[in-house]
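> predicted structure and sequence below. I'll ask about it afterward.
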Amino acid sequence: MDGKVWLTLGVILAIGLAIAAAVLLARVFAARRLLLDAGIPLHDKALFWVAVIYTVSPVDLVPDPVYLDDIGMLLLALRSLHAAAGAVRPSKEIDNAL
């Protein structure tokens with residue numbers, strides 16, 4: 001394979017990773033309603049903002065053409081928010097039933 005093929009594959013991979021990061025960022029913003037829930041711990045709410053700031057900031061652990069670190073932060077924020085919401089919701093449903 002010549003250099004143009006590798007460059008094309010690299011560009012396609014970079015675009016795919018950028019799209020994945022953008023989709024995850026959109027999912028994080030969609031999950032922000034969980035931030036208003038009083039039962040979710042503050043550190044889970046703060047992790048949301050840390051992930052958003054890290055994703056849009058120019059300072060990265062891995063250079064920007066590779067969005068794996070950004071995607072990892074967004075996945076961590078989503079998983080943390082949903083786990084915290086899942087832990088809080090069953091207890092709220094029990095309280096509402098009483």
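It's in.
> for the protein, which spans come out with low pLDDT?
Counting by pLDDT under 70, the ranges of the chain that qualify are 1, 32-38, 64-66, 89-98.
> what's the longest helix in it?
For the chain, the helix with the greatest residue count under DSSP state H is helix 68-97.
> ok, now how distant is the residue most central in space within the chain from Trp6?
Centroid check for the chain by Cα atoms, centre = their mean gives Leu74 as the closest residue, at 1.7 Å. Using Cβ to Cβ, to the nearest Å, we find Leu74 at a distance of 28 Å from Trp6. Heads up, the C-betas are built off the backbone N, CA and C, glycines and all.
> repeat that for Val23.
Taken as Cβ to Cβ, the span from Val23 to Trp6 is 26 Å.
> now do Leu61
Taking Cβ to Cβ, one finds Leu61 at 24 Å from Trp6.
> equivalent analysis for Ala30, please.
36 Å.
> before we move on, what about Asp44?
Asp44 is 41 Å from Trp6, by Cβ to Cβ.
> those two: which has the busier surroundings?
Applying other Cβ atoms under 10 Å to Asp44 and Trp6 shows that Asp44 carries more neighbours, namely 21 against 10.
> neighbours of Leu47, how many?
20.
> who touches it in this structure?
Leu76, Ala77, Ser80, Leu81 (Cβ atoms under 8 Å, 6 or more residues apart in numbering).
> with distance to Asp2 and neighbour count added, can I get the residues you listed in TSV?
Below are the contacts of Leu47 laid out as TSV (distance: Cβ to Cβ, whole Å; neighbours: other Cβ atoms under 10 Å):
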residue	distance to Asp2	neighbour count
Leu76	39	13
Ala77	41	26
Ser80	45	20
Leu81	46	24
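> any idea which of these is the one closest to Ile40?
Distances from Ile40 to the contacts of Leu47, taken as Cβ to Cβ, are shortest for Leu81 (7.2 Å).
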